[in-house]
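Visitor: just to be clear, the model below is a prediction. Sequence and coordinates:
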Amino acid sequence: MMKKTIFIKIILLLMGFNLIAQVRTIKLDYNQVSGNLNTMFKECIGAGRANEGLRADWQQQLALVKKECDFKYIRMHGLLTDDMAVYRVNSKGEAEYNYQYVDVLYDYILSIGMKPFVELGFMPSALASGDKTVFWWKGNITPPKDYDKWGELIQNLTEHFTERYGSEEVKTWYFEVWNEPNLKDGFWSGTQEEYFKLYDYAVRAVKRVNALYKVGGPATAGNAWVSETIEYCDTNNTPIDFISTHDYGVKHGYLDETGTSGTILNKDEWSVSGKVINSRKQITESTKPELELHYTEWSSSYTPSDPIHDSYHQAAYILEKVKQVGNAANSMSYWVFTDIFEEAGPRFKPFHGGFGLLNMQGIKKPSYFAYHFLNKLGNIELKNNDKRSWASKNSKGSLQLLMWDFTNTHPGDSVLNQTYYIKDLPSKPKGHVKVEISDIPKGKYYLKTYKIGYKVNDAYATYLSMNKPNQLTKQQVETIKEQNNGAPISVESITINKARSFIKELEINENDVFLLTLEK
């Protein structure tokens, strides 16, 4: 009998079951605070290209994301490309400027309480030195054929913003010069030296309008050119107000519109976050240690054809990386808010591994709920030794605890994301979490418990259960939305007595996310 029991235990262990229940304890004191909650995670969000922002469905989705996740800024490519009709040359060889499309876009962004993080690019064809382009929508990636005219365009654009929105408003914006110029023939056909020249002309053009307008760069892929940019600006007395760069959590390569080359989630515990911390270190040790640091793109993967973006694993991944970054960055702009995103052209499937928090039909992915739950945190952070949670309270006396497990279940270098994350991937148990909160003001509270995990606010799992149709009917869209609507999984009425303490135990699985709120 004993041999049989041992044999069963061995089999269970081999199947991944932990026979000794792990207990993770989170101890908090209502009166022990660490200060204001750092909300750099919602300072900025990405979008594909400016012209997509003229679509009604794009605007409707952005309004929803603003309401429920409260991002402050939005950044996108293609503000100056031909489909925005910004620049042309007339028969006399004179430059003509037109901002009708830009005005419609920026008016809308400001109307919903957001601000533009202005990416200056790509090159209008009438000003371009060549015909190299990127993406289905053909953003021109060549240097200007006349740098003076490039500077005049940027100055005219900045003057227009000032006239339309006022200098006090524009002072709160950020102007970022280009996108990923270190990707030779990806986003910039010129050299590093030519990029710095492009930057110099652009920043001086903006500063001629108002010296207090914030300009920066180099907006590089893979954390590149941070020290070089600061050195260039220092040597040439070129203004710079912030450093921006990008990072993604997969191995090999940077630009892959279709995902056909394959991606592999990095097993390094400090992927992405470690690079952010190092970029901050480079700034701190430079001649300009007070520069702001903005990661104007980041995610688990750099391709809009990576199924990890649709997976429930993505929610825990986001929270893990943001928590690890801490205060090293002034913003971490998740790339992007919607699958209305056409770098590789219009997409033909409702779940195709798109970058978005929302799919094309506005279905909320697990990643969406990660940011929605973050936005439910109070403005005061409680002291907390648990590295995978935030605890907070607000002025109304309500408490919030956002906690998660992060387990990188990717099998390793022999398997691509594109074949792994499209599968049904049940999560394994990780034991119990015991929450103990002391010194809570006595009274009656509602305890609401929210969750993200396998088949909980997991739209892709619902889509899988429908046998992955290439097109969704209206009813199927509504069904997926209803089954993944972010509502609490439980609501309880509790009383905090004279002991003024609260204890709650939860079973937690791999990559589960829980939000507990105690509301008076």
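Guide: Received, thanks. Numbers count the residues shown, from 1 in each chain.

Visitor: the strands in the stretch 151-300 of the chain, which residues?
Guide: When assigned using DSSP state E, counting those that start in this stretch, the strands of the stretch 151-300 of the chain occupy the ranges 174-177, 214-220, 242-248, 292-299.

Visitor: what mean pLDDT does the first one get?
Guide: Pointing back at strand 174-177 there. pLDDT averaged over strand 174-177 equals 98, rounded to a whole number.

Visitor: number the residues from 256 up from this point.
Guide: Happy to do that; since the first residue is 256 now, the last one works out to strand 429-432.

Visitor: neighbouring strands for that strand, and are they parallel or not?
Guide: strand 370-375 (parallel), strand 469-475 (parallel) (DSSP bridges).

Visitor: one step back: format the strands of the stretch 406-555 of the chain as JSON lines; extra columns: distance to Q726.
Guide: For every residue, glycine as well, the C-beta is placed using N, CA and C. Conversion of these to JSON lines gives the following (distance: least, CB to CB, whole Å):
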{"stretch": "strand 429-432", "distance to Q726": "37"}
{"stretch": "strand 469-475", "distance to Q726": "36"}
{"stretch": "strand 497-503", "distance to Q726": "29"}
{"stretch": "strand 547-554", "distance to Q726": "26"}
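
Visitor: E298 is nearest to which of these?
Guide: strand 547-554 (7.9 Å; CB to CB).

Visitor: give the contact list for Y705.
Guide: Contacts of Y705 were listed using CB atoms under 8 Å, 6 or more residues apart in numbering, and they are F624, F628, G741, A742, P743, I744, F769, L770, L771, T772.

Visitor: with these in mind, which one is nearest to I532?
Guide: Using CB to CB, F628 is the member of the contacts of Y705 that sits closest to I532, with 24.1 Å.

Visitor: run a quick check on the closest one versus T704, I expect a contact.
Guide: No - in this structure, F628 is not within contact of T704 by CB atoms under 8 Å, at 11.4 Å.

Visitor: returning to what we had before: give the ChimeraX command for selecting the buried subset of the contacts of Y705.
Guide: Only the buried members of the contacts of Y705 end up in this ChimeraX selection, burial being decided by 16 or more other CB atoms under 10 Å:
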select :624,628,769,770,771,772
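
Visitor: now, which of the contacts of Y705 lie within strands?
Guide: Taking DSSP state E, the ones among the contacts of Y705 that sit in strands are F769, L770, L771, T772.

Visitor: which strand residues bridge the first one?
Guide: Okay, so that is F769. M658, K706.

Visitor: re the thing from before, TSV for the ones in strands among the contacts of Y705, including pLDDT?
Guide: As requested, the ones in strands among the contacts of Y705 are exported to TSV (pLDDT from 0 to 100):
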residue	pLDDT
F769	98
L770	98
L771	98
T772	97
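
Visitor: ok, of these, which one's closest to I563?
Guide: Comparing the ones in strands among the contacts of Y705 against I563 with CB to CB picks out F769 as the nearest, at 21.1 Å.

Visitor: wait, what's in contact with the closest one?
Guide: Here F769 is in contact with L656, L657, M658, W659, V688, T704, Y705, K706, L761, I763 (criterion: CB under 8 Å, 6+ apart).

Visitor: would you reformat the residues you listed as CSV and include pLDDT?
Guide: Output for the contacts of F769, formatted as CSV (pLDDT from 0 to 100):
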residue, pLDDT
L656, 98
L657, 98
M658, 98
W659, 98
V688, 97
T704, 98
Y705, 98
K706, 98
L761, 96
I763, 97
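
Visitor: and these, which of them are buried?
Guide: Burial by neighbour count, judged by 16+ other CB under 10 Å, picks out L656, L657, M658, W659, V688, Y705, K706, I763 from the contacts of F769.

Visitor: remind me which helix or strand the last one belongs to.
Guide: Taking DSSP states H and E as the criterion, I763 maps to strand 757-764.

Visitor: per-residue confidence at the residue positioned nearest the centre of the chain?
Guide: Central residue of the chain (CA atoms, centre = their mean): Y589, 1.0 Å from the mean position. You'll see Y589 listed with a pLDDT of 98.

Visitor: looking at it, it is touching Y626, isn't it?
Guide: Yes - using CB under 8 Å, Y589 and Y626 qualify as a contacting pair, with a distance of 7.3 Å.

Visitor: give me the common contacts of these two.
Guide: I573, L612.

Visitor: how about low-confidence regions in the stretch 406-555 of the chain?
Guide: Of all residues in the stretch 406-555 of the chain, those with pLDDT under 70 make up the ranges 507-514.

Visitor: how near is the residue nearest to the centre of the chain to D403?
Guide: If you measure Y589 against D403 using CB to CB, to the nearest Å, the figure is 37 Å.

Visitor: next: A311.
Guide: To D403, A311 is 39 Å away according to CB to CB.

Visitor: of the two, which one has the most company?
Guide: Taking A311 and D403 together and counting by other CB atoms under 10 Å, D403 has the greater number of neighbours (10 against 7).
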